[in-house]
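Student: pasting a predicted model and its sequence here:
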Amino acid sequence: MAEKSDRQEHRIAVWQQRNRAAKLSSMKGVGTSLVTLAVPNQSQLERFKRILIDEYGAASNIKAKATRLAVLSALTSLQQKLKSYGAVPSQGVVFYCGHVQVDSTKTKKGCV
């Protein structure tokens, strides 16, 4: 009985990973407004929170207004995502956040 439950949980996890991969491959960004954060297992979240704060300060100096606002928005979203984690999951975690192109003229904020 436990084996069946483990197999079912594994299938669900595989499906979720494939779903995320398909979602990521369909996303297209504009310029350099996508921010990636990879947190390996057994890492301290506080370290990555400090890194995001430092990056926020550096991103404030980006000259292009649209890019600066998109990057600052992505960094803020990442900071909020990290707050929802009490500890790093055993397999680690990767975040992709930024403005994604919806059609030729519109973008929307996305975070996976």
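Tutor: All right, it came through fine.

Student: give me the below-cutoff pLDDT ranges for the chain.
Tutor: 1-2, 24-32 (pLDDT under 70).

Student: for it, which helix extends over the most residues?
Tutor: Counting residues, the longest helix in the chain under DSSP state H turns out to be helix 2-26.

Student: contact partners for the most centrally placed residue in the chain?
Tutor: Closest to where the C-alpha atoms of the chain average out (C-alpha atoms, centre = their mean) is Phe95, at 2.1 Å. Applying C-beta atoms under 8 Å, 6 or more residues apart in numbering to Phe95 gives the contacts 35-39, 78, 81, 111-112. Where you see a C-beta, it was placed from the backbone N, CA and C, and this is true even at glycine.

Student: kindly reformat those as JSON lines containing neighbour count, distance to Leu72 and secondary structure.
Tutor: Shown next, in JSON lines, are those (neighbours: other C-beta atoms under 10 Å; distance: C-beta to C-beta, whole Å; DSSP: H, G, I helix; E, B strand; the rest coil):
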{"residue": "Val35", "neighbour count": "21", "distance to Leu72": "10", "secondary structure": "strand"}
{"residue": "Thr36", "neighbour count": "11", "distance to Leu72": "16", "secondary structure": "strand"}
{"residue": "Leu37", "neighbour count": "19", "distance to Leu72": "15", "secondary structure": "strand"}
{"residue": "Ala38", "neighbour count": "11", "distance to Leu72": "20", "secondary structure": "strand"}
{"residue": "Val39", "neighbour count": "19", "distance to Leu72": "20", "secondary structure": "strand"}
{"residue": "Leu78", "neighbour count": "24", "distance to Leu72": "11", "secondary structure": "helix"}
{"residue": "Lys81", "neighbour count": "16", "distance to Leu72": "15", "secondary structure": "helix"}
{"residue": "Cys111", "neighbour count": "15", "distance to Leu72": "14", "secondary structure": "strand"}
{"residue": "Val112", "neighbour count": "14", "distance to Leu72": "19", "secondary structure": "coil"}
